[in-house]
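Asker: Structure for the following, please:
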Amino acid sequence: MIADLALSAAVVLAGATLLVIIRRRAATAGRRTLESAGTRFEPDFRNLMDVMQLGVTLTDASGIIIYTNPADAAMHGYTPQELVGKPASIFAPPTTRKTVVPEEVTSLRSWRREVHNLRKNGEIFPVRLRSDLVRDADGEPLGIVTTCEDITEEMALRDAQSAVSLNDRLTGLGNRAFFLELVVRAKRRAERHGEYHYAVLCMDLERFKLVNESLGHDAGDELLKLVAERLKDAIRPNDVAARTAGDEFVVLLDALRQPEDATIVAERIIASMDAPFSLRGQEVYISPNIGIVHGAAQPSDAEQHLKDAREAMYSARTVGRNLYGVFEKTARRRVTQRLQLETDLRKAIEEEELRAVYQPIVDLETTRTVGFEALVRWLHHERGMISPDDFIPAAEDTGLVVPIGWWMVQTACAHLADWQRAFPDARVTVNVNLSVRQLRQPRLTERILEILEAVGLPPQQLKLEVTESMLMEEPDAQVAMLHRLRAAGMGVVIDDFGTGYSSLGYLRRFEFDILKIDRSFLPTAEGDEDWDIVRMIMSLASDQGAAVVAEGVEYEHQVKTLRELGCPLAQGFWFARPLALEAATDRLRQEQEQPTV
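Answerer: Here you go, the predicted structure:
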């Protein structure tokens, strides 16, 4: 670039010198014209111009060509002789050609531009021009020096780079940058025309990760391509779809007749994904969730539109599958609060705001405590106690569930070790919940064993709880992980069994020690005899040689029926709510002081 500027400056300087020489010779040439004088300038300057690869043209103030070097003439398909005496507008396409007004030209000093020029054969091509006005010592204009560079190849490369930078290579849709630029333009149109309506849709795919990890990334990529094709077919011709990241797609709904039409398009997109996708001979079903934000109604920038649509999509996801949600203004306040919550959560561990509480697991016959389920609580420095329902989803989304999970393992094991030393006859165990992210940790077993060794606790006293839905995500990997945990001496507890989408017989693939009966299967009305699912789960556990814990027990009649069915263990408010460390310790102390019945 520096070399190009230096060359251009040298050309302008040389051209200015030529114009001065031409002007002087014309002044002493009597009736000879400026043009004829221009053919007789100093040989050194002519040689410089003639050998240059950069096109150079000299014109007078009215735009008549005095001189053009061979490079410029050849670039336009002429000889230099054909151009001298012609107006410089000969280079301009007819649609842009205009008469030169000397007063307008001489008011300028130097100007640059990228335009299209015309060859002799009628071909139009892109050029980069720099023009400099040269004046004499009295300030009178002598003429104009213009350099010309053919940038056809540069423009082709620029267009190719632009196409690559604005397109998603996998699906052929637009990418995030491309989409945001379209939203900016739509927003401007809405600001100029009050009747113009547009909307932004954001869509992700339920169970895409499961497909990606079970069938391989190539199959996941193929699925994204197929989804992109269906998405293009489902939207209107004037709408534009893009892929922003992973399995997230976005759509700009342009020129809606009325804002409500956005939901019609969303329903059509959802319907288009109903049929199974064929991947490597297998039929795969996916479920889209869609968030909608009406652009004209929101005084936001393009980035905020995308965030709002994504938040509406997340809201739809919490309700179920194959749903869409419409962003409301109050949702942005929730987003802001969520961001602040995530920021505070990052500091909660180091600032010791997390608390471990323990819900007793009791022997149904004796009602004595045989173990505890460790649960995390957050005592915020300003907001007080925050419900797990409020911060656990945020921890899952941000990945903070991993360090929080390790803190729970460390804390629960340390407390259990203290109880073991204080009450050696209690023989209690502790259950700690693992997240799906923790299950993917490559050194999960080794790290837990290191914690147990550090606190002086045998592995048999630690039970690790996983949910049925977690196991269904990556069954092969989970089978291997559960086997390693049990081989190391730790117990495995399957929580929320029966609430997922697997069959009752599916868990025969997994090795586990305890099966928890979800509270939803325990009849709450006294006299309700619908205990068939409980009996079935107990039978499955018995076949596997595992124990059963009924959780969520809140009524006396539930306790009575569970005893009659032979259920050995239970937990729930009927026995005790989750207890702080001191209260759990007191419970164990009181039980140790009471004689065993």
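
Asker: and stretch 190-205, average pLDDT?
Answerer: What stretch 190-205 shows for mean pLDDT is 85.

Asker: no, scratch that, I was asking about stretch 550-566
Answerer: Computed over stretch 550-566, the average pLDDT equals 93.

Asker: Same question for the strand or helix carrying residue 563: list its buried residues.
Answerer: Taking DSSP states H and E as the criterion, residue 563 maps to helix 556-565. Buried positions in helix 556-565, judged by neighbour count with 16 or more other CB atoms under 10 Å: 558, 559, 561, 562. Any C-beta I mention is one placed from the backbone N, CA and C, and that applies to glycine too.

Asker: likewise stretch 130-149?
Answerer: Judged by neighbour count using 16+ other CB under 10 Å, the buried positions of stretch 130-149 are 130-134, 141-149.

Asker: ditto for stretch 570-577
Answerer: Those would be 570, 571, 572, 575, 576, for stretch 570-577 by 16+ other CB under 10 Å.

Asker: Can you say which helix or strand has the last one in it?
Answerer: Element membership for residue 576 (DSSP H and E) is empty, with no helix or strand holding it.

Asker: And it, its phi and psi?
Answerer: Main-chain torsions, residue 576, degrees, to the nearest 10: phi -180, psi 150.

Asker: The fourth one now?
Answerer: Main-chain torsions, residue 575, degrees, to the nearest 10: phi -90, psi -50.

Asker: can you check the third one too?
Answerer: Listed backbone geometry of residue 572 is phi 160, psi 170, with angles given as degrees, to the nearest 10.

Asker: Leaving out sequence neighbours, find the closest residue to it.
Answerer: residue 553 (3.3 Å; CB to CB, 6 or more residues apart in numbering).

Asker: Next, that neighbour: phi, psi?
Answerer: phi -70, psi 120.

Asker: Thought residue 571 was touching it, still the case?
Answerer: Yes: here residue 553 reaches residue 571: they are 6.8 Å apart, a contact under CB atoms under 8 Å.

Asker: can you tell me which residues contact residue 358?
Answerer: Residues counted as contacts of residue 358 (CB atoms under 8 Å, 6 or more residues apart in numbering) are 372, 373, 374, 375, 412, 415, 430, 578, 579, 581, 584.

Asker: between the residues you listed, which has the most around it?
Answerer: Using other CB atoms under 10 Å as the neighbour test, the contacts of residue 358 are led by residue 372, with 29 neighbours.

Asker: Just checking: what are the partner strands of the helix or strand harbouring it?
Answerer: Using DSSP H and E, residue 372 sits in strand 369-380. Paired strands of strand 369-380, with direction, are strand 354-363 (antiparallel), strand 384-386 (antiparallel), strand 429-433 (parallel) (DSSP bridges).

Asker: show me where the stretch 351-500 of the chain has helices.
Answerer: 388-398, 401-422, 436-439, 444-455, 468-473, 475-487 (DSSP state H, counting those that start in this stretch).

Asker: Specify the residue ranges that define each domain of the chain.
Answerer: 2-156, 166-327, 339-591 (automatic domain parsing).

Asker: returning to what we had before: which strands and helices sit next to the helix holding residue 563?
Answerer: helix 532-543 (3 or more CB pairs under 8 Å, 6 or more residues apart in numbering; DSSP states H and E).

Asker: returning to that earlier point: and which of the contacts of residue 358 is nearest to residue 533?
Answerer: The nearest member of these to residue 533, counting by CB to CB, is residue 373 at 21.7 Å.

Asker: roughly how far apart are that closest one and residue 261?
Answerer: Distance from residue 373 to residue 261, counting by CB to CB, to the nearest Å: 50 Å.

Asker: again with residue 449
Answerer: On the measure of CB to CB, residue 449 and residue 261 end up 59 Å apart.

Asker: ok and the strand holding residue 372 relative to helix 401-422, angle-wise?
Answerer: Counting by axes from the mean of the first three to the mean of the last three CA atoms, to 10 degrees, strand 369-380 lies at 130 degrees to helix 401-422.

Asker: could I have strand 369-380 exported to PDB, CA atoms only?
Answerer: Presented in PDB, the C-alpha positions along strand 369-380 are these (Å, rounded to 0.1, in the frame of the first residue of the first chain):
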ATOM      1  CA  THR A 369     -32.100 -42.200  59.400                       C
ATOM      2  CA  VAL A 370     -30.000 -44.500  57.200                       C
ATOM      3  CA  GLY A 371     -28.700 -41.700  54.900                       C
ATOM      4  CA  PHE A 372     -29.100 -38.200  53.600                       C
ATOM      5  CA  GLU A 373     -29.600 -36.700  50.200                       C
ATOM      6  CA  ALA A 374     -27.300 -33.600  50.000                       C
ATOM      7  CA  LEU A 375     -29.000 -30.600  48.300                       C
ATOM      8  CA  VAL A 376     -27.500 -27.200  47.500                       C
ATOM      9  CA  ARG A 377     -28.900 -23.900  48.600                       C
ATOM     10  CA  TRP A 378     -27.800 -20.400  47.800                       C
ATOM     11  CA  LEU A 379     -27.900 -17.700  50.500                       C
ATOM     12  CA  HIS A 380     -27.400 -14.600  48.400                       C
END
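
Asker: can you give me the offset of it from its chain's centre?
Answerer: Centroid displacement of strand 369-380 relative to its chain, using CA atoms, centre = their mean, to the nearest Å, is 34 Å.

Asker: same deal with stretch 258-277?
Answerer: That offset, for stretch 258-277, works out to 22 Å (CA atoms, centre = their mean).
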